[in-house]
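> Sequence first, then the predicted structure:
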Amino acid sequence: MRTFLSVIHFFLCVLIMVVVLLQRRKQGGFGGAFGGAGTQADYGQWQRFTGLTKLTIVLFALVMLTSLFLTFVIA
């Protein structure tokens, strides 16, 4: 069971890295967080989650669950 969960966890971690790297970069970066590179028009917009963002959230939850299960199996 431990080996199976470890292999699944490894593949989930690699998959989440690939999905994060495939996502488009948001404009502004950290500049918008500190008050730069933004206009008043930028503050009223709310972007919907893309398919890759939703996949990232699901993969993150699965990685956390496998981490938790591995902790209990090893202990």
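Done, it's in. Residues are numbered from 1 along each chain as shown.

> List phi and psi for F49.
phi -70, psi 140 (degrees, to the nearest 10).

> buried set for the helix or strand containing V58?
Element membership of V58 [criterion: DSSP states H and E] is helix 51-74. Of the residues in helix 51-74, L55, T56, L59, L62, V63, T66, L70 count as buried by neighbour count, 16 or more other Cβ atoms under 10 Å. For the C-beta atoms, the positions are set from N, CA and C on the backbone; glycine is no exception.

> ok, the last one to A61 distance?
This means L70. 15 Å (Cβ to Cβ, to the nearest Å).

> residues making contact with the helix holding V58?
Residues outside helix 51-74 that contact it (Cβ atoms under 8 Å, 6 or more residues apart in numbering) are 1-2, 5-6, 8-9, 12-13, 15-16, 19-20, 22-23, 49.

> likewise stretch 13-26?
Against stretch 13-26 from outside (Cβ under 8 Å, 6+ apart): T50, L52, T53, L55, T56, L59, F60, V63.
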